[in-house]
Structures are given as C-alpha cells and as structure tokens.
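Show me the folded form of this:
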Amino acid sequence: MRALWTAAAAARATGGRPVGQWAATGVSIDTRTLEAGDLFVPLKDVRDGHDFIPQAFERGAAAVLSERDVRDVPALIVEDTLVALQELGRAAGRRANAKRIAVTGSVGKTSLKELLAAMCAGAGPTHKSVKSYNNHWGVPLSLARMPEETRYGVFEAGMNHKGELSELSKLIRPEIAIITKIAPAHLAHFNSLEDIASAKAEIIDGLKDGGCLILPEEARIFRAFHDLPERLTVRSFGCEQTADARILEARQTVSGSKALIRLDGQTYEVNIPLPGAHWVENVACALLAAKQAGITIETALNALTDFKKLPGRGASMDIDLGGRRIHLIDESYNANPESMRAAIAVLGLAKGRKIAVLGDMLELGDGETDLHVGLAGPLQEAEIDGVFLCGPRMQALADALPKSGLGGWAPDWQSCLDLLLAGLEDGDTLMVKGSNASGMGALVAALKAKHEMQGDLHVV
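Reported below is the predicted structural model:
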C-alpha cells in the first residue's frame, strides 16, 4: 500500500522533529480502531492519548506523533499534537489536486455528505469524512487521511458555538460549500434561528475566491445571506420558483420517492430509493453540487441506484421478537425538531400499526418544552398508532398527547424498552429516534440483540 505520510513529509508539514525513518499508510487518533501501518496521533481530552502510545505500537502503528520524547520507536516530536494534526490536514489539502466540498447545516449533514461522495465516486477517486467526524479534531483528521491522488474530497463540518465553522472552513478551504438547512438545533447556545443562520454562514469564511455557496432557497430570508461577498457564486435548491435546483413534484411511498427536479433548464425524473421529503431535498442539493463540481447529472443519478440508508439515520430491518415480526426503522443517531418531524412523516407512510419511540431532544435552550410538545401535531397528522416516550423532556409531550395513542412514558431507555416490548404486536412498524444522549441507540442495540437470539438480522 502506498505511503500516506513519510517521516520527511510529515516533518515538512508540521515543523516537527522526526525520530527514525518511517512511512505510514493511515492516520488514527484511537488505539481501539487503529490499523497496522497507521500514524498514531495522541490527543488530549478526558484522557491524555500519550498514555496509549504502547498500545498503539502493540496494534502495529508505524509511528507516533508525540509531544513527549520517546525512545526506540519511530516518531515525530511536535509541540502540540492537535496543531500538528491540523497542519497535516492543510498539507494534505495542498498536495492533492482535489475539488473540496464542505457540508454543514442543522440537519442532514452526514446523509448529504454520503450521498454526494457516492456521486463523486462515479467520476473519480473520492475521499470523505467517515461517520460524523465534523468537529475540531474530526475535520483535520479527515483531511490528513486524504490520499494525494484524490480528485474529490467531501468533508462534513459541524458546530454548536459561534466561530467554530469559520475555523473549520479555513482548514478545509473548499471550492463548494453547502448548507443543508437552518433549523432549531443547538438553541441552547444561540438566541434565535437568525443567530444560527449567522453561525452557519461562517462556512464561507474559507471558501476560495470564485467558489460556490449552495443553500436552501428558503434560507435567503435570513440576514446572514442578504449581502454575500461578490467573490462567491450563490446557488439554491428547494420547491420555490426561484431555486436553481427546483423540486417541481414529489411523490412519497414507504419504499422511496419519485421526483421531478429542474436544474439549469433541464427537468430530470428521479427515482430515490429512500422515503421522505427530506431525501428529495437532499437529492436536489446533491445534484446541484455535483454539477457545480463538473460531474454529469447522469453520473450523479447513477449513484442513487445502490445508495443505502445509514445506520442510525433511517436504516431499516426486520426483527423477530419472540415470534413477533417487527419492521424497525433506526433513526437513533440524533434528533432535533426538524429531523423528528421528517422521521415521523416517513413512519406515517408505513402500512399496518405504526409505533414511534421518541427520546429527549437536547441543546434546545429555554424553549425546549414547547419544541417537544410541538411534535404532537406531526404525530397526529401521520396517524401514528402508538407513541412511547423516553426522558424527562419528553414528559411534556406525554402530557399533551391523547391517552389513547400514548404507549407510555419512561425516565430512561431501559424502562422504555420494557414498556415497548410489552406493547409491540406482530406486524408493527417501529421507528426509534432521539438525541445521542437519550439512550435511543442503546435501545435499538438491545432490540437487535434480542432478535439475534431468534435468528439472522435482515437489513433493508
């Protein structure tokens, strides 16, 4: 395998002092997932990663980036490992002749990043952020892992405080920057949607001159997007007549969506193997970005054929719970009011009994009670048959729902699981969603574990 970093190249990038001659085929910050040949970068968080240097070499690390002097092991000695990782990321961006795309937004960042990366992969070597590596260490790590031969790089960038996106954008230096949506997420750190829009607009701070900002047409109402720099091209997507990628028509089924999307004077009939209006918006945005990146629409549309839903973000499966066959929709990765409404709408497309398990939505600030209660309308509109609620914030929604449709409320996921298992029936469709800390991921894992005792898991 071709070396990603040599001692000499890493030293030039960081100004560090090499120890020995070494070559690494990857970069890792976690000994649990480190692969043989990786350069280990110990970061300081709850634990100091330097304490795990011995384990890194036991797992086959090629070298270590270290603030401490080391003996008898290949290394690069630096003053600050996080700063050095950032410098590796910048150097990787300079050496690769790749068109870089940055994706941010209140919802749908990871899904859009994966979809766009699939479209890019049909046109040339593509590198992307893995999982949701979108923060102060995830972005430089993703950049540092980018091979020199990369033609397209798709990077996710997230934030929950003002100023974060500006720094990440300057690190990525994209030619194309995308904002998926402005929605009430992280309101605990912002006073209004206008403030969130202003923070999201920081994605243009690192956008190269002549670069393109892609945003929802509906986002133009925010002041942050009224007077954008003339050095940028601005394009939009949505249902509005003024959108550059305009959704003319969309029909939803439980297995997917059919849409007509008009882009630059051409109308495309698009079959999307993913249900939900939000996926139609994702596809319109991705097609616009792909074309802006020089990828043909035909190539981009071909990527849709085999595109799969992501674990925790809509992946579905049939599970057997003691003779009861349940169709499980796993939306457990994270939640805010916007993504909750979208997931509930998709559940409403199912046939038979429709059951929702909803965990607390976090970081919503002073208005969190109203935002939780606000889910009552979407649940009723989608004709959800049973709702199980988990966590102290969901108590307000439990009080607002008709008792006939409330399966129960529980303070934690274990208690919620007990209620759920007692209430499920053969043939139910079950959707689970909540913020990461709500325990919904653990609840889904427990359901899968119970199924695996019955037989093989069938993922759709």
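
Residue 133 and residue 158 touch, don't they?
No - Residue 133 is beyond contact range of residue 158, at 9.3 Å (criterion: CB atoms under 8 Å). Quick note: C-beta positions are derived from backbone N, CA and C, even for glycine.

tell me the contacts of residue 66?
Contacts for residue 66 (CB atoms under 8 Å, 6 or more residues apart in numbering) come out as 42, 50, 53, 75, 76, 77, 78, 81.

How about residue 328?
Contacts of residue 328 (CB under 8 Å, 6+ apart): 316, 317, 318, 319, 430, 431, 432, 444, 447.

Buried only: go through the residues you listed for me.
In those, burial by neighbour count holds for 316, 317, 319, 430, 431, 432, 444, 447, counting by 16 or more other CB atoms under 10 Å.

did I read that right, the last one in a helix?
Yes - secondary structure of residue 447 (DSSP: H, G, I helix; E, B strand; the rest coil): part of a helix.

Distance check, it against residue 332.
For residue 447, the distance to residue 332 equals 10 Å [CB to CB, to the nearest Å].

And for the fifth one?
Applying CB to CB, the value for residue 431 to residue 332 is 10 Å.

Also the second one?
Distance check for residue 317 against residue 332: by CB to CB, it reads 12 Å.

so what pLDDT did residue 457 get?
Looking at residue 457, its pLDDT stands at 53.

next one: residue 460
53.

could we number from 35 for the rest of this?
Fine by me, first position is 35 from now on; the one you just mentioned is residue 494.

residues in contact with residue 457?
The contact partners of residue 457, by CB under 8 Å, 6+ apart, come to 389, 420, 422, 441, 442.

Pull the residues that contact whichever strand or helix holds residue 295.
For residue 295, the element it lies in under DSSP states H and E is strand 290-297. With contact meaning CB under 8 Å, 6+ apart, strand 290-297 is reached by 278-285, 301-311, 313-314, 317-318, 321-322, 325, 331.

Buried only: go through those residues for me.
Neighbour-count burial (16+ other CB under 10 Å) applied to those gives 278-281, 284, 302, 304, 306, 308-311, 313-314, 317-318, 321-322, 325, 331.

Which of the residues you listed fall within strands?
Taking DSSP state E, the ones among those that sit in strands are 279, 280, 281, 284, 302, 304, 306.

that older thread, among the contacts of residue 362, which one has the lowest pLDDT?
Of all these, residue 350 carries the smallest pLDDT score, 89.

isn't there a strand covering it?
Yes - under three-state DSSP, residue 350 sits within a strand.

The one residue sitting closest to the centre of the chain: what secondary structure?
Here the mean C-alpha position of the chain is nearest to the C-alpha of residue 144 (CA atoms, centre = their mean), at a distance of 2.2 Å. Of the three states, residue 144 takes helix according to three-state DSSP.

list the contacts for it?
Contacts for residue 144 (CB under 8 Å, 6+ apart) come out as 165, 166, 168, 190, 344, 347, 367.

Would you map the strands across the stretch 385-494 of the chain?
Counting by DSSP state E, counting those that start in this stretch, the stretch 385-494 of the chain has these strands, from start to end: 388-393, 420-424, 440-444, 463-467, 492-493.

Report the strands that pair with the longest one, each with its relative direction.
So that's strand 388-393. strand 420-424 (parallel), strand 463-467 (parallel) (DSSP bridges).

give me the low-pLDDT residue ranges for the stretch 385-494 of the chain?
Across the stretch 385-494 of the chain, the ranges flagged by pLDDT under 70 are 488-494.

Okay, and which of the contacts of residue 144 map to helices?
Using DSSP state H, no member of these falls within helices.

so which of those residues is the most crowded?
Compared across those, residue 190 has the highest neighbour count, 29 neighbours, by other CB atoms under 10 Å.

was I right about that one contacting residue 168?
Yes - the criterion here is CB under 8 Å, and residue 190 meets it with residue 168 at 4.1 Å.

which neighbours do the two share?
Common neighbours of residue 190 and residue 168 (criterion: CB under 8 Å, 6+ apart): 138, 143, 144.

which residues touch residue 112?
48, 49, 50, 51, 99, 100, 101, 118.

which two in the ones in strands among the buried ones among the contacts of strand 290-297 are spaced the farthest apart?
By the measure CB to CB, 280 and 306 form the most distant pair in these, at 15.9 Å.

what secondary structure does residue 195 sit in?
Assigned by three-state DSSP, the conformation of residue 195 is coil.

any idea how far the residue nearest to residue 393 when sequence neighbours are not counted lies from residue 153?
Take residue 393 and drop its neighbours on the chain: the residue closest to it by CB to CB, 6 or more residues apart in numbering is residue 468, 2.2 Å away. Separation of residue 468 from residue 153 (CB to CB) stands at 30 Å.

Bridge partners for residue 249, pull those for me.
Beta bridges link residue 249 to residue 270, judged by DSSP bridges.

who's in contact with it?
Taking CB under 8 Å, 6+ apart, one finds 212, 213, 259, 268, 270 in contact with residue 249.

The third one: how many residues sit nearby?
The reference is to residue 259. Burial of residue 259 is recorded as 21 neighbouring residues (other CB under 10 Å).

same thing with the second one?
Residue neighbour count, defined by other CB under 10 Å, stands at 26 for residue 213.
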